[in-house]
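# sequence first, then the predicted structure:
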Amino acid sequence: MTTTVTHAEQKDSPYALTHLDALESEAVHIFREVAGEFERPVVLFSGGKDSIVMLHLALKAFAPAAVPFSLLHVDTGHNFPEVLDLRDRTVAEHGLRLHVAKVQDYIDDGRLRERPDGLRNPLQTVPLTEAISAHRFDAVFGGGRRDEEKARAKERVFSLRDEFSQWDPRRQRPELWQLYNGRHAPGEHVRVFPLSNWTELDVWQYIAREGIELPEIYFAHEREVFSRDGMWLTAGEWGGPKDGEPVETRTVRYRTVGDMSCTGAVDSEATTLESVITEIAASRLTERGATRADDKMSEAAMEDRKREGYF
Amino acid sequence: MTSTTSPLTAEELSATTLLRFATAGSVDDGKSTLVGRLLHDSKSVLSDQLEAVERASLGRGQETPDLALLTDGLRAEREQGITIDVAYRYFATARRRFILADTPGHVQYTRNMVTGASTAELAVVLVDARNGVVEQTRRHAAVAALLRVPHVVLAVNKMDLVDYAEPVFAAIAEEFTSYAASLGVPEITAIPISALAGDNVVEPSANMDWYGGPTVLEHLETVPVSHDLTGCPARFPVQYVIRPQTAEHPDYRGYAGQIASGLLRVGDPVTVLPSGRTTTISGIDALGRSVHTAWAPQSVTVLLADDLDVSRGDLIAPTGSAPAVTQDVRATVCHLHERPLRIGERVLLKHATRTVKAIVKALPYRIDLSHGLAHDNDPAALEVNDIGAVQLRTAEPLPIDAYADSRLTGAFLLIDPADGTTLTAGMAGEAFAEPPSAAGGAAGDEGWDF
């Protein structure tokens, strides 16, 4: 084995990057590729932590010029007020343009019907797809990460969707080196995931390093909650609690932020970024496993929703 | 190595480097068990994931959790018990963050191995100690060599089934190392393991005191992820031109991109390709910080001293070591699509940030990776999963490097202009590196014409 280098001799040159710098550089590269190759890109922006990190990266990618994209939020109608507040302040601060597609509008005029279980996340697909087609968006940035869920583990950075927003995992384009193929036919679009290679912990470490503001609900606070399917849900107008679901006050925080009807809080004393990072590093549950009712429906729940055009 | 079991502080976590690596091997070699053990022993498999795997395994009548179900995420994969696609897995230790491209080992999935290896700095090739180096092992070594993966690990698995015998390991390591070295793999580390029993995966084995090297995880944690960049010429493909045109920045004109190779310094004389105009770097913005030096793979914005016509698709390189600009590209390719690639076909060629029209002028040969790299000259077409040589003529000149010199500026894709399908992955230049001088002559003995 003459070619083997002795183990002790190996060390990195001064030109190594930290993993956060490497991930940031990759995400910025992805934003710039889209800016260079697409006509009408849009960033899905909810005010949740992943979308806030995406926007932060986009701002860095094009500074000192403005971000050359608009933003789109699919509003389920059951959002946390603290999240909408930060969404709107962020949009105003950076002079951005925000489009809002409302699930409630679709329910009110009968294009969508409320589900028996009251979950609204699955209802987002139609308003999302129609907003994409109405605005003729050709690239749609999402904050999805491959560590979130096993169907997402096989998602591409550039993910081609047909005119119904459908994802076909068997027809994905191989993605090699950093050569992203964004070609698409009229009516099709490409979902782009700049945070593909980030983990939940990376996102939090990056938030801490960059000093990014988040909605307060990501940090421990007292809240009136009730237990359903092993998760702490917020009591509210959206439909909880039902009879026999006692409400109690607990100290909790959110690990993910989505529709109030299916996003659970976790018991936590973590009130600072540092304590959140420590808590996540020690956690024995994934963020979706801990907090998302919609993923527990079946082994392939996420795959099925993705095929239908979900984020 | 106790670092993997103690909790990490916030400081430790943020100071780690990133290693992208790929694994190749079939289920029978114990690849899923190895991956499962790396994830499990580094505490990257969380209890809800493990519960889901246990539930699914029980549902199929298996008594022990099948760790392959952790990575086989798609319905068809679970139903057919196969891995269709590259799965990316993430785990971390105190020293490093890892991105693992887990690629299926079936013969027909060469394209997945090529895909996984294209971004990997290290490849782990698994063999079963009872079977030694088999055809598939040679294919995996060839793919790693072809994609110029800098570090290759041979994990000789199931050592428990050969009584942890050193001669068994030594013979396999010797055979693999000389084969991989003859293909030009620059660094090979052979490690005897038992993924099932845990020998030398995370913890050193108590059963093989004759082995003095690192465990798999120790090696992954310490292998260099960077090298001395001062020796590689800088390559900066321009992605986007930043022109704020605001009152605050009326004249700012920056060229945004990710450094593909080498390092850039303020004051460096540079040439813009393909135009060939020269200027100097007057400033570098590294995502909000003005810096004097920046290096691969940083995303930066470069400011130039002269007002040249530079746009997306151009390449900025140091004057004096800029790549040659050519319309005739000879390359080694892996064909990725069911539609065959034929002579005369009109395609799009995507190289760095530029996409140009191209035509397939010749298909000189196809390489059979499984039989001593036999050449099949003048094939009628390249079929899916074929590796072969292609001669292309491009509509515009390209500043393309040999893939051997620069992976990112020597690589390209061929795309179907009609529907945008990615057809082929290309690497400019000849297929395999010259073997290291110590093993020199082996290639010549085989009669290779490169």
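Nice, I can see it.
# just give me the neighbour total for residue 138.
Picked chain A for this. In terms of burial, A:D138 registers 20 neighbours under the definition other CB atoms under 10 Å in any protein chain shown. In this view, the C-beta of every residue, glycine as well, is placed from N, C-alpha and C.
# right idea, wrong chain: chain B
B:R138: 21 neighbours (other CB under 10 Å).
# ok, it - contacts?
Contacts for B:R138 were tallied using CB atoms under 8 Å, 6 or more residues apart in numbering or on different chains; they are B:Y179, B:L369, B:S370.
# at 7 Å what do you get?
Contacts for B:R138 were tallied using CB atoms under 7 Å, 6 or more residues apart in numbering or on different chains; they are B:Y179, B:S370.
# now it: phi and psi?
Here the main-chain torsion angles of B:R138 (degrees, to the nearest 10) amount to phi -60, psi -40.
# which residues of the stretch 101-250 of chain B lie near chain A?
Among all residues of the stretch 101-250 of chain B, those adjacent to chain A (criterion: CB under 7 Å from any CB of the partner chain) are B:111, B:115, B:118-119, B:173, B:177, B:181, B:186-190, B:213-214, B:222-229, B:239-240, B:242-244, B:249.
# of those, grab the buried ones for PyMOL.
A single PyMOL command selects the buried members of those (16 or more other CB atoms under 10 Å in any protein chain shown):
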select buried, chain B and resi 111+115+118+119+173+177+181+186+187+188+189+190+213+214+222+223+224+225+226+229+239+240+242+244
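# keep only those of the residues of the stretch 101-250 of chain B next to chain A that are in strands.
In strands, defined here by DSSP state E, the members of those are B:E187, B:I188, B:T189, B:A190, B:Y240, B:I242.
# bridging residues for B:V124?
In this structure, B:V124 bridges to B:T23, B:V153 when assessed by DSSP bridges.
# how many neighbours does it have?
Applying other CB under 10 Å, we find 28 residues neighbouring B:V124.
# got it, and B:Q327?
With neighbours defined by other CB under 10 Å, the count for B:Q327 comes to 14.
# wait, it sits on B:T394?
Yes. The criterion here is CB atoms under 7 Å, and B:Q327 meets it with B:T394 at 4.8 Å.
# which residues of chain A score low on pLDDT?
Flagging of chain A using pLDDT under 70 yields the residue ranges A:1-13, A:170, A:237-239, A:284-311.
# quick check: longest helix of it.
Residue-count comparison of every helix in chain A, with assignments taken from DSSP state H, identifies helix A:19-37 as the longest.
# residues contacting that one, please?
Residues from elsewhere that reach helix A:19-37, judged by CB under 7 Å, 6+ apart: A:41, A:57-58, A:60-61, A:68, A:139, A:157, A:178, A:180, A:182, A:192, A:194-195, A:197-198, A:202, A:205-206, A:209, B:14, B:16-18, B:97, B:239-240, B:256, B:258, B:287, B:297-299, B:312, B:353.
# between the two ends of stretch B:251-271, what distance do you get?
Looking at stretch B:251-271, the gap from its leading to its trailing residue is 22 Å under the measure CA to CA, to the nearest Å.
# buried set for it?
Burial within stretch B:251-271, assessed by neighbour count using 16+ other CB under 10 Å, is assigned to B:252-264, B:266, B:268, B:270-271.
# of those, which are in range of chain A?
B:Y252, B:A256, B:Q258, B:L263.
# turn the residues you listed into JSON lines, including pLDDT, distance to B:Y365 and secondary structure.
Formatted as JSON lines, these follow (pLDDT from 0 to 100; distance: CB to CB, whole Å; DSSP: H, G, I helix; E, B strand; the rest coil):
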{"residue": "B:Y252", "pLDDT": "94", "distance to B:Y365": "50", "secondary structure": "coil"}
{"residue": "B:A256", "pLDDT": "98", "distance to B:Y365": "40", "secondary structure": "strand"}
{"residue": "B:Q258", "pLDDT": "97", "distance to B:Y365": "34", "secondary structure": "strand"}
{"residue": "B:L263", "pLDDT": "94", "distance to B:Y365": "37", "secondary structure": "strand"}
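# of those, closest to chain A?
Using CB to the nearest CB, B:Q258 comes nearest to chain A of these, at 4.3 Å.
# in this structure the closest one contacts B:A294, no?
No. B:Q258 sits out of contact with B:A294 when judged by CB under 7 Å, with a separation of 10.1 Å.
# could you count how many residues lie near A:I280?
Counted with other CB under 10 Å, the burial measure for A:I280 works out to 18 neighbours.
# apart from its chain neighbours, what residue comes closest to residue 171?
Picked chain A for this. The shortest distance from A:R171 to any residue other than its chain neighbours is 7.9 Å, reached at A:L160 (CB to CB, 6 or more residues apart in numbering or on different chains).
# could you do chain B instead?
B:G132 (7.2 Å).
# so that neighbour belongs to a helix, correct?
No. When the secondary structure is assigned by DSSP: H, G, I helix; E, B strand; the rest coil, B:G132 falls in coil instead of a helix.
# for A:A61, helix, strand, or coil?
When the structure is reduced to helix, strand and coil (three-state DSSP), A:A61 reads as helix.
# would you mind measuring from it to A:P194?
In this structure, A:A61 lies at 9 Å from A:P194, with CB to CB, to the nearest Å as the measure.
# show me where the stretch 51-200 of chain B has strands.
Secondary structure of the stretch 51-200 of chain B (DSSP state E, counting those that start in this stretch): strands at B:87-92, B:96-102, B:122-128, B:151-157, B:187-192.
# who are the neighbours in contact with B:V241?
Contact partners of B:V241, counting by CB under 7 Å, 6+ apart, are B:R253, B:Y255, B:S311, B:R312.
# quick check: bridge partners of it?
Counting by DSSP bridges, B:V241 is bridged to B:Y255.
# read off the pLDDT value for it.
Taken from the predicted model, the pLDDT recorded for B:V241 is 97.
# correct me, but the residue nearest to B:A171 touches B:A173?
No. Applying CB under 7 Å as the test, B:G132 and B:A173 come out as separate, 10.1 Å apart.
# which stretches of chain B form helices?
Using DSSP H, the helices of chain B run over residues B:10-14, B:31-41, B:47-59, B:68-71, B:75-80, B:110-118, B:135-146, B:166-182, B:216-222, B:407-410, B:442-445.
# how about the longest one: buried residues?
Within helix B:166-182, the residues scored as buried using 16+ other CB under 10 Å are B:V168, B:F169, B:I172, B:A173, B:E175, B:F176, B:T177, B:S178, B:Y179, B:A180, B:A181, B:S182.
# helices and strands around it, which ones?
Packing partners of helix B:166-182 (3 or more CB pairs under 7 Å, 6 or more residues apart in numbering or on different chains; DSSP states H and E): helix B:135-146, strand B:151-157, strand B:187-192.
# which SS class is A:T90?
In three-state terms, and counting by three-state DSSP, A:T90 is helix.
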